[in-house]
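> sharing a model prediction with you, sequence too.
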Amino acid sequence: MSPLNRREFVAVGVAAGAGLVVGFYLPHGGRAGKEVFSPNAYLRITPDNKVTIVVARSEMGQGVRTALPMILAEELEADWKQIEIEQAGASTLYGDQATGGSASVKTTWDPMRKAGAAAREMLISAAALTWGVPRSTCAAQEGAVLHGASKRRLSYGELVEKAATLPIPTDVPLKQSKDYKIVGQRLARVDSPSKVKGEAVFGIDFRMPGMKYAVLSRCPTIGGKALSFDDKESKKIAGVSYVGKISDAAVAVVADSVWGAMEGRRALEVSWDDGPNKDLNTAAVTDSLKRAALTDSLKRAAAKTSASLYSVGDVSKVTGRRISAEYQLPFMAHAPMEPGNCTANFQGTACEVWAPTQVPQDCRDQVAKALGLDPDQVKVNVTLMGGGFGRRLEYDYAVEAALVSKAANGPVKVIWTREDDMRFSTYRPASLHQLSAVLDGAGWPVAFTHRIVAPSISGQKGQPGPNGVDPDLPDEAAFVYGLPNVSLEYVLAETPVPLGWMRSVYALQTGFASESFIDELAASAGKDPLEYRLHMLGKDQDIHYFDTTWRTARMRGALQLAADKAGWKSALPPGHFRGIACFGCFSSYAAEVVEISMENDVPRVHRVVVAVDCGQVVNPSILEQQIQGGVIYAMSNALRAKITIEKGRVVQGNFDDYAPLRMDETPAVEVYAVPSTEAPTGIGEPSVPPLAPALCSAIYAATKKRIRALPILS
């Protein structure tokens with residue numbers, strides 16, 4: 001798309017003030033004309049009936065290159081068979097292009113609908129003018145406009161020239177869900193054929209003429225630096241063309257092949273300054289969490305309380321039987337199948353980047369900063385990603401590639417090995433959870449307290465939230481039970497370990513601790529864990545939590561659906577046991593039932609039943625794929641995922657000591673969605689948090705042993 005000048009940008013902003021997002025409408029002077037009809041940044045139609053829909057979010061396996069175009073095509077009344085997809089690079093046209101927080105469909109639902117509807121209305125008007133008939137006698141259908149009385153038909157391609165001359169409407173009628181023909185259908189993913197054929201271009205696949213390859217030697221200790229290096233042996237390796245320091249902590253080796261670069265790095269001798277964290281280990285990290293909790297308790301005694309996330313009633317004044325427990329979670333790695341990589345071509349006054357990124361705009365801005373360029377001198381092309389899970393919310397690999405390209409004076413692809421990706425990453429923070437509840441005489445909770453002790457990801461990155469609360473916690477640490485006295489608190493801890501957002505982030509931790517503790521309360525009261533939860537959700541309530549309103553009725557519906565589909569009250573095969581959990585995050589509700597048996601004291605998961613309420617489902621097949629992937633990811637994390645630190649270094653390095661779930665360990669995963677016509681909410685992450693507590697609940701049912709720390713098989 002053509003860039004907006006200052007005056008055009010102001011005009012776009014005015015349109016946004018009328019109820020449309022910034023960047024939603026493009027001026028006619030851009031691509032509108034006889035050859036193309038492009039009334040907004042998301043859509044182009046050409047005279048040959050080619051309909052191109054632009055996707056401004058990154059595809060990392062979650063299906064946005066299919067789901068988002070479906071939304072626009074629905075309102076456009078397009079013929080889905082004519083649709084072509086174009087991936088947007090970093091741009092000012094689409095607002096925030098970050099792909100994360102399960103927000104792609106949620107935040108683009110209205111913009112994509114309005115984009116399609118506006119174009120539809122313009123095309124209908126163009127047809128009416130062409131025929132000289134009242135507009136009300138025309139209707140759009142499957143890529144064409146029909147005139148009911150005369151049965152005349154004009155394809156969208158035939159209407160391009162006239163439609164491009166019409167004013168863009170700012171208040172367009174949107175379809176009701178009962179009239180949807182595309183949204184809600186199990187349409188095949190548009191990216192699947194190229195992946196099956198091996199034609200899809202992921203970041204690691206991208207090639208360009210004259211491109212060389214680079215690997216980096218990084219300081220093995222957290223916070224360390226490179227003092228000096230000897231590249232004499234490296235330059236003896238065939239194909240090695242450049243060796244140089246590109247940051248305080250890294251030395252790049254550039255060669256004609258990946259193998260040559262790796263061999264050059266193996267021969268490189270670097271003298272490292274291990275820095276201030278050379279003695280850091282996992283035990284010290286755990287101690288720091290406990291010290292933070294203790295320090296906060298002392299401050300509380302002096303009336304200096306922790307940061308409050310949510311409070312109702314007064315937990316300090318409730319009397320009854322008190323039960324307390326402490327839960328702990330480790331650092332975790334993202335471990336996507338495609339390791340870090342990026343290609344850059346620096347050309348003096350400009351730089352072009354090909355990145356598998358979740359944040360194209362951040363890549364653009366940070367590359368520009370590193371190279372001393374203006375952001376508009378950097379072009380970022382977004383490739384497919386072989387998994388992201390939050391790791392590609394960082395931009396370090398893009399900056400590295402740009403700096404190496406500049407130093408080596410040519411296009412360079414930086415590739416991280418699996419060990420690089422594991423040991424020099426950012427990590428989901430470790431956390432400590434202190435929970436307490438007061439039960440009445442019948443065993444029902446009348447007070448519930450949860451203190452979350454954890455470092456702040458955003459705070460470490462220089463973006464602290466109000467009152468020290470990490471800005472992600474409001475989306476990820478909710479409590480959706482309608483109890484009379486509740487207190488959720490956050491205690492900030494510090495760590496030198498680099499932190500990053502990982503799929504479901506704090507929700508995974510909060511959900512494990514909170515739901516496992518509720519299971520403890522049910523067991524203590526001698527009650528069924530399903531009935532215990534349903535009792536707490538029995539009254540229809542709206543729980544106002546930051547910017548979200550949680551509805552107990554919706555969580556109750558998801559929980560009951562999961563239980564019904566799992567046959568919660570039916571008999572199990574001998575030696576089989578069930579557990580259950582539910583959680584709300586990213587504005588969605590999820591409940592899961594896990595069925596296991598124990599084999600040599602190790603749980604074997606046979607079946608997982610998931611029910612979700614995420615509003616309107618755009619594509620049921622993609623929904624199922626997202627949830628199935630989330631369950632498998634969550635099982636890997638719950639069973640084995642753990643990053644440990646020794647002598648300031650990350651211990652784990654590959655899938656042998658950070659093992660994902662294997663095929664023969666994978667259970668049957670059944671997915672059910674609560675029917676809804678509400679606007680869509682997130683689905684990429686909500687299936688992750690309930691898995692670990694439901695699994696631990698099943699293990700308790702089998703063994704009467706309570707698991708309060710992950711991973712289970714540590």
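Perfect, I can see it now.
> please name every helix or strand in contact with the helix or strand harbouring residue 213.
If you go by DSSP states H and E, residue 213 is part of strand 212-218. Here strand 212-218 touches strand 240-247, strand 250-255, helix 258-267, helix 396-408, strand 412-415, helix 418-423, going by 3 or more CB pairs under 8 Å, 6 or more residues apart in numbering; DSSP states H and E. Any C-beta I mention is one placed from the backbone N, CA and C, and that applies to glycine too.
> right, and those - which one's nearest residue 546?
helix 396-408 (30.1 Å; CB to CB).
> sorry, back to before: what angle separates the strand holding residue 213 from helix 258-267?
Here strand 212-218 runs at an angle of 30 degrees relative to helix 258-267 (axes from the mean of the first three to the mean of the last three CA atoms, to 10 degrees).
> quick one: average pLDDT of strand 212-218?
Across strand 212-218, the average pLDDT comes to 98.
> before we move on, the earlier item: go through the helices and strands packed on strand 212-218 and name the closest to residue 37.
helix 396-408 (34.3 Å).
> next one: the helix or strand harbouring residue 631 to chain centre, how far?
Assigned by DSSP H and E, residue 631 belongs to helix 620-639. Taking the mean of its C-alpha atoms, helix 620-639 sits 13 Å from the chain's own mean (CA atoms, centre = their mean, to the nearest Å).
> tell me the SS of residue 452?
strand (DSSP: H, G, I helix; E, B strand; the rest coil).
> pretty sure it sits against residue 506.
Yes. Between residue 452 and residue 506 a contact is recorded at 7.3 Å, counting by CB atoms under 8 Å.
> flag every buried residue along stretch 503-510.
503, 504, 505, 506, 507, 508, 509, 510 (16 or more other CB atoms under 10 Å).
> can you tell me which of those residues are in helices?
Residues of those located in helices (DSSP state H): 505, 506, 507, 508, 509, 510.
> closest to residue 619 among these?
Checking those one by one against residue 619 (CB to CB), the nearest turns out to be residue 507, at 23.4 Å.
> following the helix holding residue 631, which helix or strand comes up?
strand 645-646.
> tell me how many other residues surround residue 114.
When neighbours are counted by other CB atoms under 10 Å, residue 114 registers 24.
> can you verify it is assigned to a helix?
Yes. Under three-state DSSP, residue 114 sits within a helix.
> surely it meets residue 175?
No. Look at residue 114 against residue 175 with CB under 8 Å: they stay out of range, at 11.5 Å.
> which residues do these two both contact?
Here residue 114 and residue 175 have residue 75 as joint contacts, going by CB atoms under 8 Å, 6 or more residues apart in numbering.
> rewinding a little: now the helix holding residue 631: average pLDDT?
For helix 620-639, the per-residue pLDDT averages 98.
> try stretch 84-96
96.
> what's the span of it, first residue to last?
End-to-end distance for stretch 84-96: 23 Å, by CA to CA, to the nearest Å.
> distance from that stretch to the middle of the chain?
On CA atoms, centre = their mean, the centre of stretch 84-96 falls 18 Å from the chain's centre.
> next, the buried residues of it.
So for stretch 84-96, counting by 16+ other CB under 10 Å, buried means 85, 87, 88, 89, 90, 91, 92, 93, 94, 95.
> need the max-distance pair from those residues.
The widest separation within those (CB to CB) is 21.0 Å, between 85 and 92.
> sketch out the low-pLDDT regions of the stretch 201-350 of the chain for me.
Across the stretch 201-350 of the chain, residues meeting the criterion (pLDDT under 70) sit at 300-305.
> the stretch 401-550 of the chain: strands as residue ranges?
Using DSSP state E, counting those that start in this stretch, the strands assigned to the stretch 401-550 of the chain run over residues 412-415, 431-439, 445-455, 486-493, 542-545, 548-551.
> with distance to residue 194 and mean neighbour count added, can I get those in a markdown table?
Listed next are the strands of the stretch 401-550 of the chain as a markdown table, based on distance: least, CB to CB, whole Å; neighbours: other CB atoms under 10 Å:
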| stretch | distance to residue 194 | mean neighbour count |
| --- | --- | --- |
| strand 412-415 | 20 | 26 |
| strand 431-439 | 40 | 21 |
| strand 445-455 | 40 | 23 |
| strand 486-493 | 44 | 22 |
| strand 542-545 | 42 | 15 |
| strand 548-551 | 37 | 16 |
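> count the neighbours of the closest residue in space to residue 703 that isn't next to it in sequence for me.
Distances taken as CB to CB, 6 or more residues apart in numbering put residue 598 closest to residue 703, at 6.6 Å, once the chain neighbours are dropped. Each residue near residue 598 was counted by other CB under 10 Å, and the total is 15.
> then residue 474?
Residue 474, neighbours per other CB under 10 Å, totals 17.
> okay, now residue 473: neighbour count?
So residue 473, with other CB under 10 Å, has 25 neighbours.
> what's stretch 281-294 in contact with?
Counting by CB under 8 Å, 6+ apart, 328, 330-331, 430-432, 434, 451, 453-454, 491-495, 497, 644-647 sit against stretch 281-294.
> ditto for stretch 112-121
20, 24-25, 37, 39-43, 45, 68, 71-78, 140, 163, 168-169, 172-175.
> identify the residues contacting the most centrally placed residue in the chain.
For the chain, residue 100 is the residue whose C-alpha lies nearest the centre (CA atoms, centre = their mean; 3.4 Å). By CB under 8 Å, 6+ apart, residue 100 lies in contact with 358, 359, 390, 393, 501.
> how does it look with 10 Å?
57-58, 60, 358-359, 388-390, 392-393, 472, 501, 503, 505, 682, 684-685 (CB atoms under 10 Å, 6 or more residues apart in numbering).
> and for residue 408?
212, 214, 241, 242, 243, 244, 246, 252, 254, 344, 346.
> ok so, going back, using CSV, lay out the strands of the stretch 401-550 of the chain together with mean pLDDT.
Shown next, in CSV, are those (pLDDT from 0 to 100):
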stretch, mean pLDDT
strand 412-415, 98
strand 431-439, 98
strand 445-455, 97
strand 486-493, 96
strand 542-545, 95
strand 548-551, 96
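> to residue 150, which of these lies closest?
strand 548-551 (49.8 Å).
> helices or strands next to that closest one in the packing?
Counting contacts by 3 or more CB pairs under 10 Å, 6 or more residues apart in numbering; DSSP states H and E, strand 548-551 is packed against strand 542-545, strand 576-585.
> circling back: now for the helix holding residue 631, which elements pack on it?
By 3+ CB pairs under 10 Å, 6+ apart, helix 620-639 packs against helix 64-76, helix 505-525, strand 588-599, strand 602-613, strand 668-673, helix 691-703.
> give me that answer again for 7 Å
strand 602-613, strand 668-673, helix 691-703 (3 or more CB pairs under 7 Å, 6 or more residues apart in numbering; DSSP states H and E).
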